[in-house]
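>>> Below is the sequence, then the predicted model.
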Amino acid sequence: MLHGNFEVSLPEPYLGGEIYAEVYEVGGARPTTIIRTDQEWGVKLHWDLKGSLAPFICGRWCVHLFLESMGPGPELKLDANPDYIPLDPCGNGEYDFDFRVRRGVVTGRHCSNPYKLVATITYLTACDKPGPIAGFVEGPMVQFYEPA
């Protein structure tokens, strides 16, 4: 698991958290940095919201994956399905999300240029306005290739 940055506009112990991510291939082998385009892959995210104010935070999380091409090629923003994850103020403050990416979404064109992967979460208030809580994890460089 890769550790990321998680920020809240209030000092601890009132509110804080952490975020982690791990790239995986469905049915693939480790390491998971070179991925065939004909197989599903994903990023398992885990984050938490802790502190005395956590039970009072309502709204939802917005999750995305970004892939920045290292050279010519498209910059990709992948949306989660479902689009939003509801906060659970009565829960333990921990959240897990399996961000699955279908086969063929990322191609091996442009000589299989690598991508820098970043997973993000942002907070939307109960009024659907951006709130002061966000996190990201810089993932590994990943490369996609077309199998023969």
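Now that the structure is in, tell me what you want to look at.

>>> any weak-confidence spans in the chain?
Residue ranges of the chain with pLDDT under 70: 31, 110.

>>> in its sheet, what does the strand ranked longest in it sit against?
Identified as the longest strand of the chain according to DSSP state E is strand 130-145. When pairing is defined by DSSP bridges, strand 130-145 lines up against strand 5-8 (antiparallel), strand 34-36 (parallel), strand 115-124 (antiparallel).

>>> Give me the buried positions along that strand.
Going by neighbour count (16 or more other CB atoms under 10 Å), the buried part of strand 130-145 is Gly131, Ile133, Ala134, Gly135, Phe136, Val137, Gly139, Pro140, Val142, Phe144. No exception for glycine: its C-beta is placed from N, CA and C like everyone else's.

>>> just these now: which is nearest Glu94?
Distance ranking of the buried residues of strand 130-145 against Glu94, using CB to CB, places Gly135 first at 13.2 Å.

>>> Could you measure from that closest one over to Glu12?
Between Gly135 and Glu12 the distance is 15 Å, computed by CB to CB, to the nearest Å.

>>> beta partners of the spatially most central residue of the chain?
A centroid search over the chain (CA atoms, centre = their mean) returns Ala119, at 3.0 Å, as the residue closest to the centre. Assessed by DSSP bridges, Ala119 has beta-bridge partners Leu65, Val137.

>>> Strands along this structure, start to end?
Using DSSP E, strands in the chain cover 2-3, 5-8, 16-25, 34-36, 41-50, 60-69, 76-86, 94-101, 115-124, 130-145.

>>> residue contacts, the closest residue in space to Arg100 that isn't next to it in sequence?
The shortest distance from Arg100 to any non-neighbouring residue, by CB to CB, 6 or more residues apart in numbering, is to Gly42 (4.3 Å). Shown in contact with Gly42 (CB atoms under 8 Å, 6 or more residues apart in numbering): Val23, Tyr24, Val26, Asp98, Phe99, Arg100, Val101.
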